[in-house]
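Visitor: Give me a model of this one.
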Amino acid sequence: MRVALVQAGTFASDAGTVFGPVPRPMWQRLVEDEINPDASLTQALNCLLVETPAGRVLVETGIGERMDERHREQRTVRGDPIVAALRNAGFDPRTVDVVAVSHLHFDHAGGLLAADGTRAFPRARFVAQRDEWHFALGDNPRLRASYEQEELRLIEDWGMADAADDTGEVLPGVEVVRTGGHSGGHQAIVVRGRDGVVGFFGDLCMRPWSANPRWVPSFDDFPLTSVEVKASLFAQAADEEWTVVLSHEPRRPVGRMHRDRDRFRFEPIV
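Guide: You can find the predicted model right below:
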């Protein structure tokens, strides 16, 4: 079992929305060396390529190539999309067997399609939670607004989707775990091998300060669920000494979760 970190570029998020209800004086000191002049934060699009005896699993796909130039500039999208990033890292996208995303927002599922709308990973099956599809394509205008409807319909038309229910293996040693919180059907991806466990918690754990379960961004659809599930996941990760990968940390995204009773701290190791 081998796990490789692949960064599929970067984009920018408004710093205030990233911290949600946390008062500015509390968070500003944490990001004073990286906040941009327009009060945004540069967010990495961190993906994982998991090589197992049974096949290759890609975790997350970033923004991809189909976003128009106006929106790319609005979001300050920079760097190689996932297909180019994989090739630059020595991996052939055509050899990916499974793509598992934490959720279907544009910055996690956007790379599923090539620029022309065809499959970016021709032989891969695609795994997201059934609930996530329900919320993404449902009637609630607040929830639908978080998703790229046209892209998701194309994915459906290509017959790529494989809906998961709660928890299960996508390949031996690679498990998806339904969490909810950030989105209705958000899931974590857990990789278990002889050398230990790697936990990828999607947007429940975007940056080091996400280790505080009560610090949730303003764009979490179900923030109270986020608080509860973060505490549970982080406790397990700390107690069992998992390696944790942050979804949007641009500098040192790999580390360990440390616990002091009900408090947690992310400590980078790479």
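
Visitor: Helices along the stretch 1-150 of the chain, start to end?
Guide: For the stretch 1-150 of the chain, helices defined by DSSP state H, counting those that start in this stretch occupy the ranges 15-19, 24-31, 69-74, 82-88, 106-109, 130-136, 141-144, 149-157.

Visitor: For the stretch 51-200 of the chain, give me the ranges with low pLDDT.
Guide: 158-161 (pLDDT under 70).

Visitor: what are the ranges of the strands in it?
Guide: 55-59, 98-100, 125-129, 161-164, 167-171, 174-178, 187-193, 196-200 (DSSP state E, counting those that start in this stretch).

Visitor: Go through those strands and name the closest to Met1.
Guide: strand 187-193 (3.4 Å; CB to CB). Every residue, glycine included, has its C-beta placed from N, CA and C.

Visitor: where does Gly181 sit relative to His134, distance-wise?
Guide: 15 Å (CB to CB, to the nearest Å).

Visitor: what's the spacing between Val101 and Ala164?
Guide: Taken as CB to CB, the span from Val101 to Ala164 is 11 Å.

Visitor: got it, and Gly193?
Guide: With distances taken as CB to CB, Gly193 is found 21 Å from Ala164.

Visitor: Please say which of the two ends up with more neighbours.
Guide: Counted by other CB atoms under 10 Å, Gly193 and Ala164 do not tie: Ala164 has more neighbours, with 21 against 14.

Visitor: ok, now which ones touch the more buried one?
Guide: 127-130, 170, 176, 178, 187 (CB atoms under 8 Å, 6 or more residues apart in numbering).

Visitor: could these go into TSV alongside neighbour count?
Guide: Formatted as TSV, the contacts of Ala164 follow (neighbours: other CB atoms under 10 Å):
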residue	neighbour count
Val127	23
Ala128	28
Gln129	27
Arg130	14
Val170	24
Val176	24
Arg178	20
Gln187	29
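
Visitor: tell me which of those residues is nearest to Val77?
Guide: Nearest to Val77 among those, with distances taken as CB to CB, is Ala128, at 22.1 Å.

Visitor: and the closest one, bridged to which residues?
Guide: Beta-bridge pairing for Ala128 (DSSP bridges): Ala163.

Visitor: coming back round to it: for the contacts of Ala164, work out which two are farthest apart.
Guide: Arg130 and Val170 (14.0 Å).
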